[in-house]
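In: sequence plus predicted model, see below.
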Amino acid sequence: MPLHLNLFHEQQKQLAERKRDPLKLGFYAMGALTALFVIFYLVKFGTSASLNNQLSAKRAEFAKKYEVPLKNADIREKELAHTTTAANALTARIDGRFYWAPLLEVLGHTTPREVQIVSFNGNSEPKEKMVNFTLEGVAADRGRGPRDTAEQFRVALGNNLNEKYGAGAATVRFRSGALDETMATVTLDGQTKATAKFTIEIALRKQPSATPAPAITTTR
Amino acid sequence: MNKLTKDQIQKIFLSSLLMAGLIYCYFVFLIGPLNASQERAKKEIADLDAKIAASSKRLGRMRSSEEQARLSSNVLDQVNAMIPAGEPIAWFPPRMRAFFDRQGIKETTTRLDRREKLSEELGDFALCYWTIELPAVEFTPFGIALAGLENEEPLLEITRVAITTTLENPEKQHISLGATTVLH
């Protein structure tokens, strides 16, 4: 068996040691890691740049489309609100008026031949919810005494007003102590009749109507 | 297995130290700020989106308010068109006289009682209080005239009606009306 002598074993050992040098291997690993880090960083940077572009675009959109109109909107809104409020208030005022003609129509229909209205006084303050009016008149006897004629008139007036303005809208009552028989008489259909004076107070709840009622057509 | 020499151990330690330093610097000085910047951008985008949505909604409301105001403006124009120019005392009494004349009611007198600001929201308008006297009129023609007046004059509101019958002439009544009108 031939004898082999390795005369370079020292050099080979050194070469192998250089190949396994931990520092060198460490640098290789760091190089690889750095390359990965660079790639990761570039990806991240790209995402970040894209987000910043989006942000700039949004800012530009906001400044162009909204910033100036919004600044003007405050002033314009006040002007618009003023116009709208004024128009609404005027419309409410016009629609909320109390119409007297329909009331007089009811009065004209209700008053019988035996009742003569001497005076009518009514008030409707725009801010009040009620209309108050007072009727003074003379009632002639219809067979059951003049007081009964006045009472029938009061009841009929109350019924007709409640029918026209809604149930419970009108309160019709004699003023305290204001239904008195008088010494005076009247002649109706050739007959002399006893009379009574009365004062009726009426409180009527306002009901705003969109359109006025037609003109009255009764005759007295 | 060869045992590590002291030199190798030192080199491994040095490599590990450098690696740790690299990782630390990478995350702290490069990735950290980038992440923070991304988060900030995302938050700002979300804020801006919300702001744009709110602004868009508000401008939409403004547009509908504009439409509403256009209708309101028409109402105000109509009301303004119903109010003649000049001092009301100069034109309102003749207007009332002409109206009742057309209804066959003569000798109407109208006088101005007072004038006041209508309300805060209607600062451009004033309210005039009038008394209209009809000295001798029958009930039915008066009722017809009153209905016509209330129909023809939307800015006029009758606030008081006083009807008195005189014994001398029971067919004719003396009528006093209190009225308010909306004016400039």
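Out: Thanks, I have the structure now. Residues are numbered from 1 along each chain as shown, chains lettered A, B, ... in the order given.
In: check contacts around B:Arg58.
Out: Counting by Cβ atoms under 8 Å, 6 or more residues apart in numbering or on different chains, B:Arg58 touches A:70, A:73. C-beta here means a position set from N, CA and C on the backbone, and glycine is covered the same way.
In: any idea how far B:Ser176 is from B:Arg58?
Out: 54 Å (Cβ to Cβ, to the nearest Å).
In: chain neighbours aside, what residue packs nearest to B:Glu133?
Out: Closest residue to B:Glu133 apart from its sequence neighbours, by Cβ to Cβ, 6 or more residues apart in numbering or on different chains: B:Thr109 at 4.7 Å.
In: swap that for B:Glu116, please
Out: Spatial nearest neighbour of B:Glu116, chain neighbours left out: B:Leu127 (5.6 Å); criterion: Cβ to Cβ, 6+ apart.
In: what is the neighbour count of that neighbour?
Out: Neighbourhood size, B:Leu127 [other Cβ atoms under 10 Å in any protein chain shown]: 19.
In: same question, the one 4 residues further on
Out: By other Cβ under 10 Å, the residues close to B:Thr131 number 15.
In: now A:Gln191
Out: Neighbours around A:Gln191, by other Cβ under 10 Å: 10.
In: can you check A:Thr195 too?
Out: By the criterion of other Cβ under 10 Å, A:Thr195 has 23 neighbours.
In: ok, now B:Glu157?
Out: 22.
In: I'd say it and B:Ala179 touch.
Out: Yes. Counting by Cβ atoms under 8 Å, B:Ala179 is a contact partner of B:Glu157 at 6.6 Å.
In: where in the chain is pLDDT low?
Out: In the absence of a named chain, this looks at chain A. A:1, A:207-220 (pLDDT under 70).
In: that's the wrong chain, I wanted chain B
Out: Applying pLDDT under 70 to chain B picks out residues B:1-2, B:167.
In: and the residue of it that's closest to chain A?
Out: When scored by Cβ to the nearest Cβ, chain B has B:Ser15 as its residue closest to chain A, at 2.5 Å.
In: could you chop chain B up by domain?
Out: B:1-82, B:88-183 (automatic domain parsing).
In: now the strands for chain A?
Out: A:115-123, A:130-140, A:170-188, A:191-205 (DSSP state E).
In: and for the residue nearest the centre of chain B, nearest residue in space, chain neighbours not counted?
Out: Ranked by distance to the mean C-alpha position of chain B (Cα atoms, centre = their mean), the top residue is B:Ala69 at 7.4 Å. Nearest non-adjacent residue to B:Ala69, counting by Cβ to Cβ, 6+ apart: A:Leu80, 4.1 Å away.
In: got the contact list for that neighbour?
Out: Counting by Cβ under 8 Å, 6+ apart, A:Leu80 has contacts B:62, B:65-66, B:68-69.
In: for A:Leu3, same thing?
Out: A:Leu3 sits next to no residue when contact means Cβ under 8 Å, 6+ apart.
In: and chain A, what are its domains?
Out: Using automatic domain parsing, chain A is parsed into the domains A:10-95, A:100-205.
In: check those for me and report the most buried one.
Out: Across these, the average number of neighbours (mean count of other Cβ atoms under 10 Å in any protein chain shown) peaks for domain A:100-205, which reaches a mean of 17.
In: how far is that domain from where the chain is centred?
Out: The chain centroid and the centroid of domain A:100-205 are separated by 40 Å under Cα atoms, centre = their mean, to the nearest Å.
In: near chain B at all, that domain?
Out: Yes. Under the criterion of Cβ under 8 Å from any Cβ of the partner chain, chain B is reached by domain A:100-205 at A:100-102, A:104-105, A:108, A:116-126, A:133.
In: tell me where the longest helix sits in chain A.
Out: helix A:22-61 (DSSP state H).
In: and A:Glu128, its phi and psi?
Out: For A:Glu128, the backbone dihedrals (degrees, to the nearest 10) come out as phi -80, psi 150.
In: check contacts around the closest residue to B:Asn35 other than its chain neighbours.
Out: Spatial nearest neighbour of B:Asn35, chain neighbours left out: A:Lys44 (7.7 Å); criterion: Cβ to Cβ, 6+ apart. For A:Lys44, the contact set (Cβ under 8 Å, 6+ apart) comprises B:31, B:34-35, B:38.
In: let me know which of the domains of chain B is tucked in deepest.
Out: domain B:88-183 (a mean of 17).
In: ends of that one, what's the gap?
Out: 8 Å (Cα to Cα, to the nearest Å).
In: the residue nearest to B:Glu133 touches B:Ile132, doesn't it?
Out: Yes. Between B:Thr109 and B:Ile132 a contact is recorded at 7.4 Å, counting by Cβ under 8 Å.
In: regarding chain B, what is its longest helix?
Out: Chain B, longest helix under DSSP H: helix B:32-82.
In: helix or strand next in line after that one, which one?
Out: Moving toward the C-terminus from helix B:32-82, the next helix or strand (DSSP states H and E) is helix B:88-102.
In: which one of the contacts of A:Lys44 is nearest A:Leu157?
Out: B:Gln38 (83.8 Å; Cβ to Cβ).
In: check contacts around the nearest residue to the closest one once chain neighbours are set aside.
Out: Excluding the flanking residues, the one nearest B:Gln38 by Cβ to Cβ, 6+ apart is A:Ser48, at 4.9 Å. Neighbour list for A:Ser48: B:34, B:37-38, B:41 [criterion: Cβ under 8 Å, 6+ apart].
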